[in-house]
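**Q** how would this look folded up:
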Amino acid sequence: MGRWSVFFLALVGGFFSSTPVKAEEAGDTVVLQPSTPWVLDFADSGCRLNRYFGPPEYRHLLYFETSTPTDNPTLMVGGPSIKFLQPKQPVVVGFGDEWSPEKRQILWGEIKDIGSSFQLWTSFPNEAEKNGSSEKAKSDETLGIERIDLEATAKITQLTLSQAKSRIVLETGGMKQAFEALNQCSQDLIRHWGLNLEQHKAYSDRPSLRDNDRIVRGLIRTVLKEVEDSDFAAVYALTFIVEKDGTTSNCILHRKSLTDLDFKKACDYMKRRARFEPARDMTGSAMRSYYTTMLSHRPH
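**A** Next comes the predicted model:
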């Protein structure tokens, strides 16, 4: 991972430091106010939007993370109240009144100085989906840079996590400005990787992995078996720079979880074995692009 550059965002929706309701046992409701501004971290392999909640003695961390431009970042929550949730049970995740809460399976881990944590992939709708429309803003034949839909997510003011009678509420405040900064950071990764940003704003085909089933079987056999006995979940993003001839010239390994499991062999394996159909621009010509895949491990 490259060196992090840190940018402090202006506060959105106010800044609070009031004492939260603390959970003493399972079944309690915890309400956490922000104790820091949003901070956007940038690295060679991705972008991370962080914020702390609660006082120092009851600190929780929330972040949204991307490893490529995407409309659905990874979400992570860690802190002392997470221990009251059951690791093998789904959690109901809500983002305020705009959308119905969703029951989600999550990946559990541990963060140094924070405590128990879990991760999941968000599923933010775009504006058309939020309004019940199936129309797409762009033609099916045209691809572009994926982004969090700022209009669809504009009314998010809190994150709610529920399981049985336990309930955790993080009062995030408005997210539009924070997500706009995360979108820009994610888009800048394309240029940072030495690719043509303008080409990626409108193109016809993404890279596709040849012989996908064989490659996946090889990954499982040679790499993932090494972490079968780990007690914590691990999630890694592998981004490959795919050349016009379908070969890979670089592999960027992004550890999306905060565990210490090593997936570097997965990167080495894919560079040796994987071949791609290249991306295509709007004229049908091959173009340099990127391909990202996720590897995850769930403890038994």
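**Q** Using CSV, write out every CA atom in stretch 246-257.
**A** Taking Å, rounded to 0.1, in the frame of the first residue of the first chain, the C-alpha atoms of stretch 246-257 are listed here in CSV:
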residue,chain,number,x,y,z
GLY,A,246,-5.0,-9.1,-22.4
THR,A,247,-1.9,-9.5,-20.2
THR,A,248,-1.5,-7.8,-16.8
SER,A,249,1.3,-5.3,-16.1
ASN,A,250,0.6,-4.6,-12.5
CYS,A,251,-1.4,-6.0,-9.6
ILE,A,252,-2.6,-3.8,-6.7
LEU,A,253,-3.4,-5.6,-3.5
HIS,A,254,-5.8,-3.8,-1.2
ARG,A,255,-6.5,-5.2,2.2
LYS,A,256,-10.1,-4.2,2.9
SER,A,257,-10.3,-6.0,6.3
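**Q** tell me what whatever helix or strand residue 108 lives in is packed against?
**A** In this assignment (DSSP states H and E), residue 108 forms part of strand 107-111. Helices and strands touching strand 107-111, as assessed by 3 or more CB pairs under 8 Å, 6 or more residues apart in numbering; DSSP states H and E, comprise strand 115-121, strand 234-242. Yep, even glycine has a C-beta here, placed from its N, CA and C like the rest.
**Q** Of those, flag the one that's most buried.
**A** Comparing the helices and strands packed on strand 107-111 by mean neighbour count (mean count of other CB atoms under 10 Å), strand 234-242 comes out on top with a mean of 23.
**Q** Return the list of strands paired to that one, each annotated with direction.
**A** Strand 234-242 pairs in its sheet with strand 248-255 (antiparallel), strand 289-297 (antiparallel), by DSSP bridges.
**Q** The first one: how far from the chain's middle?
**A** Strand 248-255 sits 17 Å away from the centroid of its parent chain (CA atoms, centre = their mean, to the nearest Å).
**Q** Moving C-terminal from it, which element do we reach first?
**A** Moving toward the C-terminus from strand 248-255, the next helix or strand (DSSP H and E) is helix 264-273.
**Q** For that next one, which helices and strands make contact with it?
**A** Secondary elements touching helix 264-273 (3+ CB pairs under 8 Å, 6+ apart): helix 212-222, strand 234-242, strand 248-255.
**Q** who wins for proximity to residue 271 among these?
**A** strand 248-255 (5.2 Å; CB to CB).
**Q** quick one: contacts of that closest one?
**A** 1, 43-46, 67, 193, 234-243, 263-264, 266-268, 270-271, 274, 276 (CB atoms under 8 Å, 6 or more residues apart in numbering).
**Q** What of stretch 211-219?
**A** 209, 266, 269-270, 273-275, 295.
**Q** With pLDDT and neighbour count as added columns, please give those in a markdown table.
**A** Shown next, in a markdown table, are the contacts of stretch 211-219 (pLDDT from 0 to 100; neighbours: other CB atoms under 10 Å):
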| residue | pLDDT | neighbour count |
| --- | --- | --- |
| 209 | 91 | 19 |
| 266 | 77 | 21 |
| 269 | 84 | 19 |
| 270 | 83 | 21 |
| 273 | 86 | 13 |
| 274 | 87 | 24 |
| 275 | 91 | 13 |
| 295 | 72 | 21 |
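**Q** Of these, just say which sits nearest to residue 171.
**A** Ranked by distance to residue 171 (CB to CB), the contacts of stretch 211-219 are led by residue 295 at 33.6 Å.
**Q** Skip the chain neighbours and tell me the closest residue to the closest one.
**A** Spatial nearest neighbour of residue 295, excluding adjacent residues (CB to CB, 6 or more residues apart in numbering): residue 236 at 4.7 Å.
**Q** For this protein, which helix extends over the most residues?
**A** Longest helix in the chain, counting residues (DSSP state H): helix 176-192.
**Q** That helix - contacts with which helices or strands?
**A** strand 39-43, strand 46-53, strand 60-66, helix 197-200.
**Q** Turn those into JSON lines, including mean neighbour count, mean pLDDT and distance to residue 93.
**A** Formatted as JSON lines, the helices and strands packed on helix 176-192 follow (neighbours: other CB atoms under 10 Å; pLDDT from 0 to 100; distance: least, CB to CB, whole Å):
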{"stretch": "strand 39-43", "mean neighbour count": "18", "mean pLDDT": "89", "distance to residue 93": "22"}
{"stretch": "strand 46-53", "mean neighbour count": "22", "mean pLDDT": "93", "distance to residue 93": "16"}
{"stretch": "strand 60-66", "mean neighbour count": "22", "mean pLDDT": "93", "distance to residue 93": "12"}
{"stretch": "helix 197-200", "mean neighbour count": "15", "mean pLDDT": "94", "distance to residue 93": "30"}
